[in-house]
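Enquirer: coords please:
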Amino acid sequence: MIAPEVDPDDPKPARDWQEALGEAGVTERAALPVSPALRKPPVAARPAGNGNLYEARASVHNKRIDGPFRRFKWLVMFVTLTIYYVTPWIRWDRGPYAPDQAVLINLANRRFYMFDIEIWPHEFYFVAGMLIMAGIGLFLVTSAVGRAWCGYACPQTVWTDLFQHIDRFIDGDRNARARLDKAPWSPAKFARRLGKWTIYLIISLLTGGAWILYFADAPTLFADFFALNADPLAYMTVAILTGTTFWLGGFMREQVCIYMCPWPRIQGAMIDENSLIVTYKDWRGEQRGSLKKALKEPEKYGDCIDCRECVAVCPTGIDIREGQQIGCITCALCIDACDRVMQDIGRPRGLIDYATLDQCEAEAGGAEATPAWMALLRPRTFIYFGIWGAIGLAMLFALGTRSHTDLTVSPDRNPPYMLMKDGSVRNAYTLRLRNMEARPRDMEVALIGLPDGAVMWTDRIGSDAAAAVQTIKVPADETRVVRTYVTIPAGTSADRFTFQLTSLDEQREQDLAETTFNTPGGN
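Expert: Numbering: from 1, shown residues only. Okay, the predicted model is just below:
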C-alpha cells in the first residue's frame, strides 16, 4: 500500500483516506462500492490576481513513483543518454584512407559519416531528407499519442528528469525537498546545495564535452582538450552547452516546456478528438471526496478521493484533473500514481488513463471501454506513416544506387577561346573529379562529340602527351581539381561536347558532363 505524502502548503486533505481504510476494516485490494457516473461540476473561477502580468514560479518537487510508465521513462533515459555519450567513441573501419569514427561530422573536409554511410556536400539532400523524416515522425507521434516525445525523449525532459533524480538522491523525496527549500540558509543546507550543484555542473560539462566529440576524432580531441591544445571554438562550445544544460535542466525545468518551447502550441493543431492523450475521466471521478466520505456516502462521491498523488508525481506540477493544459508533457506518471491508489482502495484502474476524447465520451455514455491501441488504427496515422516510410525508402534506394564517381566541368569565360598559330582552336576547362571511395582510383577522362583529331592535356600532363583520352589518379575520398586544355584541328568546328569520366576498377562507374566549345564566329 502506498503512503501519500503531504505538501505542507497544500490546504487540501491528503492523509485521511489511508486512515479511513483502517477504520472501515478495508484491506488492500478490497473493493469499495462503485459510485455512479457523475459529471464534473464547473470549475470555480480563479481569484483575481494582483495586477502582475506574470505569476511567480512555484518550485516543483515531484514525488518518486514506480509503475510501467516510470520504468519506460527509465529505459528511454538510459538509451538516449547512452547513445549521446557513447556514440563518438564507437570505432568503424572504413579502410586506411578514411576516419575510423562511426559517427563524425567532419566540417573541415565537409563530410558526414554515419557507419557505412558517407554524405558529401553535393548530397545534402540526404540530410534534408532525414530532417523531413524527423519532422513527419514528430507529427506522427503527436497525432497518435499526443506529446509523447515531450514526455519521454525530448532532451529537456531527459536531462530535467536526470537532475530531479539527483535532487531526490541529495535532498530526499518531495516533502524533504520542500522543507529544505523553505529552511533558512545554514552550513548543512549550503553543503547540500553545493554538492548538488557540483553534480549538475559535472553532468553539464560532460554534455557539452560529448557534443564537440561528434565533430572531430574523439580520442584525439579529448586529449587535446585537457592538454589545452584544442581549438578555441571547442572551449567556447563546451562553455555555452555546459551553461545552458546547467541552467535549463537544473533550474528552469518546466518553464522551458511551458514558456520557451514552441512545440506545445504547435502540437495543439495536430491533436484531435481521436488522439490518445492522458485524460482524467471526470464522469467516473467526480464528485471528489475523501475516502471517509466515500465510504459513508458511496452513491454521492466518485472514485477520485482527492489524494493529489497525480499532482505530487507530475514533473511540471500541473493537476491533470483540470483537463488538458500546456504544462502536460504526456509522461503518464500520473497514471502510475492513480492506478496504485485505485488498486489500494479496490477500485478499477484507469481513472487517469491514455484515452481519446471520443472514447471518453462513449464511456461516459455507458459504452464499453475501447483498448487504447485501437485509436492508432485510423487514416491520419496511416497517412503520416506512409509519407514517413516513403521518404525513408526513397532515401535508402538513392543511397543504394548512387555512384561513387562524379565529374563537374567549368569552362573558362575569359578568354572564351585561343586561336593557335597552326589554326587550331583551344578552350580551357576546370575539371573536378570526385572519388567517393575510401581508396585511390585511376579515372579515365575521354572527349565525346568533338571532331577527329581533338585532343586534351592538363597542367600536369604536357601538350606533348596530348590525346583524346587521359588517365588521372584521384586520391581516396577526395575531389581532384584538374586544369584541362582541349584543342580541335584547324578547319573543323564544334559546339557542344561531353567529358566522360570512367573509373578504371571493377565497378567501372561512369559520369558525364556536357559543356560547350567556343570557336571564332561561333559560341
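Enquirer: what about the helices in the stretch 51-200 of the chain?
Expert: 68-86, 124-145, 148, 155-171, 174-182, 187-212 (DSSP state H, counting those that start in this stretch).
Enquirer: R321 contacts V278, correct?
Expert: No. In this structure R321 lies outside contact range of V278 using Cβ atoms under 8 Å: 11.1 Å. In short, each C-beta sits where N, CA and C put it, glycine included.
Enquirer: Name the residue in the two with the higher neighbour count.
Expert: V278 (25 against 22; other Cβ atoms under 10 Å).
Enquirer: Wait, a helix at the more buried one?
Expert: No. Judged by DSSP: H, G, I helix; E, B strand; the rest coil, V278 forms no part of a helix; its state is strand.
Enquirer: Go ahead and confirm it touches L351.
Expert: No. The criterion here is Cβ under 8 Å, and V278 misses it with L351 at 11.6 Å.
Enquirer: in the host helix or strand of R480, what counts as buried?
Expert: When elements are assigned from DSSP states H and E, R480 belongs to strand 478-488. Going by neighbour count (16 or more other Cβ atoms under 10 Å), the buried part of strand 478-488 is 479, 482, 484-488.
Enquirer: What lies in contact with it?
Expert: 420, 424-435, 445, 447, 450-451, 453-460, 463, 466, 472, 474, 494, 517, 519 (Cβ atoms under 8 Å, 6 or more residues apart in numbering).
Enquirer: Now it - C-alpha only, CSV.
Expert: Below are the C-alpha coordinates for strand 478-488, written out as CSV (Å, rounded to 0.1, in the frame of the first residue of the first chain):
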residue,chain,number,x,y,z
GLU,A,478,38.8,13.4,-52.3
THR,A,479,37.9,15.8,-55.2
ARG,A,480,40.8,16.4,-57.5
VAL,A,481,40.8,19.7,-59.4
VAL,A,482,42.4,19.5,-62.8
ARG,A,483,43.1,22.3,-65.2
THR,A,484,42.4,20.9,-68.7
TYR,A,485,43.0,22.2,-72.2
VAL,A,486,41.1,20.9,-75.3
THR,A,487,42.1,21.6,-78.9
ILE,A,488,40.4,20.9,-82.2
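Enquirer: possible to save the buried residues of strand 478-488 as a markdown table with pLDDT and distance to T498?
Expert: Compiled in a markdown table, those are given as follows (pLDDT from 0 to 100; distance: Cβ to Cβ, whole Å):
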| residue | pLDDT | distance to T498 |
| --- | --- | --- |
| T479 | 89 | 20 |
| V482 | 93 | 16 |
| T484 | 94 | 13 |
| Y485 | 94 | 17 |
| V486 | 94 | 12 |
| T487 | 93 | 17 |
| I488 | 90 | 14 |
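Enquirer: just to confirm, which helix or strand has I472 in it?
Expert: I472 belongs to strand 469-474, assigned by DSSP H and E.
Enquirer: Partner strands of that strand and their direction?
Expert: strand 441-448 (antiparallel) (DSSP bridges).
Enquirer: in the stretch 251-400 of the chain, which spans are strands?
Expert: 277-280, 352-355 (DSSP state E, counting those that start in this stretch).
Enquirer: Nearest to L221, out of those?
Expert: L221 lies closest to strand 277-280 among those, at 42.5 Å (Cβ to Cβ).
Enquirer: what lines up beside that closest one in the sheet?
Expert: strand 352-355 (antiparallel).
Enquirer: Thank you kindly, that will do.
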